[in-house]
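Q: here is my input, please return the structure:
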Amino acid sequence: MSSSDSQSRDKSTDHLAVVKQLPPDLLLIIFIHGFKGTNTTFENFPSRLEHVLKETIDSVKVECILFPAYETKGQLNAAVEYFADWLTTLTVQREVADGQGGGAGKARIVLCGHSMGGLLAADALLAFVNSRPDKKAPLWPNIIACIAFDTPYLGLHPAVFKNSATKAVEYASTARTVVSDAFSLFGKKGAPSTASQQPPLAAITAPPTAESGWGKWAPAAYAVGGALMAGAVAGTAYYRRDDIGSGYGWATDHMKYVRNLWDEDALQKRLQDLIDAQGQLGVVFRTFYTLLPPSPPSFSSPRSFAILPPRTSPVAAHFLPARNTQAADEIQAHTNMFNPRSNDGYYQLGLETAKIIREAVMSARGITEDDDTEARKDVEAAGAMKETMPDEVRSDAKP
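A: Presented below is the predicted three-dimensional model:
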């Protein structure tokens, strides 16, 4: 062992000894659901994560809190403002109730957003960053990390639309009487009442921008406009069984909720601002993206729900794969991210999330764990992640 390794280990041990003598840190993990999500979106993932963090971080009080279900329609800014007010109130309440000194900022906060919830978390964080009286002022609420789960920071992958439409066509025989319903998605009236009356696929065009105002929202959707419309017509009856799992309507409603989802400049700026917040204020930013393996002959390449940055981009290091070999398509992988029976990468996702949070807490404490300590904590986390939770429901039991 080199002298530098020994000194690093001694320094880490000394810091931990001091931490144990101080009142426990207050760590709040805030979960924010996405489009059409509910309070059950994350299933038992928050309680499992809370257990892992309590087992692997010394001298900390951990509380995982779900942001109450909110309306996922209209303007995103309204949801951001509502969340910021809610978080501010919650932080004050928790810091006062803790009653062990430390004042404002003693509660360390991690934002965890799924899908559109990641956009909400990011924009709320940046709103707090920009509302400081000056650049040297500390960040309050004291957000130490922003973690996103399958958030389309660079937009929805065009293949999500294409694959949803393709699947819809497979159910054409069940949808002969719902053509007009599909056309109504674009405000059309007087559409033919049977599938046999619809024009050929090549003759169907994207909805006119003058009527819908979608011109800047969905160029990727326009690129497969004919297939999308035909797929919607053929598959509406099938997909209406479960609104949250619908392919075509689910994807297009995303665009209605977040109008700048296809504004490349705005998307790039948000990402850059998040990276700047990490560099200047130490707010860790990571985003997990669902990754489906190739499935020849239909899919020769891996698939993802969200558009990914180029591998050579500095932003790419903040994007982490969340592999799922069980999901049939991108939307199933996206909506079942926190279901261990539909996502064989569930436990690894939990471990990586816990590690990011643990490292953020250590960084906020001014501590860098040595390799041996980090390896030991990883082993402890793996054991805690697979333990059965007291409040665990059957669907979250380890297969």
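Q: since we're on Q272, how many residues are nearby?
A: 12 (other CB atoms under 10 Å). For every residue, glycine as well, the C-beta is placed using N, CA and C.
Q: likewise L111?
A: Neighbours of L111 using other CB under 10 Å come to 28.
Q: I'd assumed I32 was in contact with it.
A: Yes - L111 is within contact range of I32, at 6.9 Å (criterion: CB atoms under 8 Å).
Q: joint contacts of these two?
A: Counting by CB atoms under 8 Å, 6 or more residues apart in numbering, the residues touching both L111 and I32 are A121.
Q: tell me the helices and strands packed up against the helix or strand that contains A121.
A: A121 belongs to helix 116-130 when assigned by DSSP states H and E. Applying 3 or more CB pairs under 8 Å, 6 or more residues apart in numbering; DSSP states H and E, one finds that helix 116-130 contacts strand 25-32, helix 76-98, strand 107-114, strand 142-149, helix 264-281.
Q: how far off helix 76-98 does it point, in degrees?
A: 70 degrees (axes from the mean of the first three to the mean of the last three CA atoms, to 10 degrees).
Q: buried residues in helix 116-130?
A: 116-126, 128-129 (16 or more other CB atoms under 10 Å).
Q: would you turn the helices and strands packed on helix 116-130 into TSV with mean pLDDT?
A: Converted to TSV, those look like this (pLDDT from 0 to 100):
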stretch	mean pLDDT
strand 25-32	96
helix 76-98	91
strand 107-114	97
strand 142-149	98
helix 264-281	94
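Q: what stretches of the stretch 101-250 of the chain score poorly on pLDDT?
A: Scanning the stretch 101-250 of the chain for pLDDT under 70 picks out the ranges 101-103, 161-250.
Q: all helices of the stretch 201-350 of the chain, in order?
A: 209-212, 219-223, 225-239, 248-257, 264-281, 330-335, 346-365 (DSSP state H, counting those that start in this stretch).
Q: can you point out the buried residues in stretch 273-286?
A: Buried-residue list, stretch 273-286, by 16+ other CB under 10 Å: D273, L274, I275, A277, L281, V283, V284, F285, R286.
Q: what comes into contact with that stretch?
A: By CB under 8 Å, 6+ apart, stretch 273-286 touches 122, 125-126, 129, 135, 139, 143-148, 314-315, 318, 320, 356, 359-360, 363-364.
Q: try it again at 7 Å.
A: With contacts defined as CB atoms under 7 Å, 6 or more residues apart in numbering, stretch 273-286 is touched by 122, 125-126, 129, 139, 143-147, 315, 318, 320, 356, 360, 363.
Q: pull the CA atoms of it into PDB?
A: Only the C-alpha atoms of stretch 273-286 are listed here, as PDB (Å, rounded to 0.1, in the frame of the first residue of the first chain):
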ATOM      1  CA  ASP A 273     -27.500  24.500 -17.400                       C
ATOM      2  CA  LEU A 274     -27.800  21.200 -15.400                       C
ATOM      3  CA  ILE A 275     -24.100  20.400 -16.100                       C
ATOM      4  CA  ASP A 276     -23.200  24.000 -15.100                       C
ATOM      5  CA  ALA A 277     -25.100  23.500 -11.800                       C
ATOM      6  CA  GLN A 278     -23.100  20.400 -11.100                       C
ATOM      7  CA  GLY A 279     -19.800  22.200 -11.900                       C
ATOM      8  CA  GLN A 280     -20.500  25.400 -10.000                       C
ATOM      9  CA  LEU A 281     -22.700  24.200  -7.100                       C
ATOM     10  CA  GLY A 282     -21.900  20.500  -6.900                       C
ATOM     11  CA  VAL A 283     -25.500  19.400  -7.700                       C
ATOM     12  CA  VAL A 284     -25.000  15.900  -9.200                       C
ATOM     13  CA  PHE A 285     -26.900  15.300 -12.400                       C
ATOM     14  CA  ARG A 286     -27.500  11.800 -13.900                       C
END
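Q: need the max-distance pair from the buried residues of helix 116-130.
A: Spatially, the most separated pair among the buried residues of helix 116-130 is M116 and V129, at 20.2 Å (CB to CB).
Q: coming back round to it: of the contacts of stretch 273-286, closest to D263?
A: A122 (14.7 Å).
Q: quick check: the closest one touching C146?
A: Yes - between A122 and C146 there is a contact under CB atoms under 7 Å: 6.1 Å.
Q: just to revisit the earlier point, could I get the buried residues of stretch 273-286 as CSV with distance to N39?
A: CSV is the format used below for the buried residues of stretch 273-286 (distance: CB to CB, whole Å):
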residue, distance to N39
D273, 29
L274, 26
I275, 31
A277, 28
L281, 30
V283, 26
V284, 26
F285, 25
R286, 24
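Q: closest to T88 among these?
A: Looking across the buried residues of stretch 273-286 and measuring by CB to CB, the closest to T88 is V283, at 16.7 Å.
Q: please report phi then psi for that closest one.
A: Backbone torsions of V283, given as degrees, to the nearest 10, read phi -80, psi 110.
Q: pretty sure V52 belongs to a helix, no?
A: Yes - V52 forms part of a helix when assessed by DSSP: H, G, I helix; E, B strand; the rest coil.
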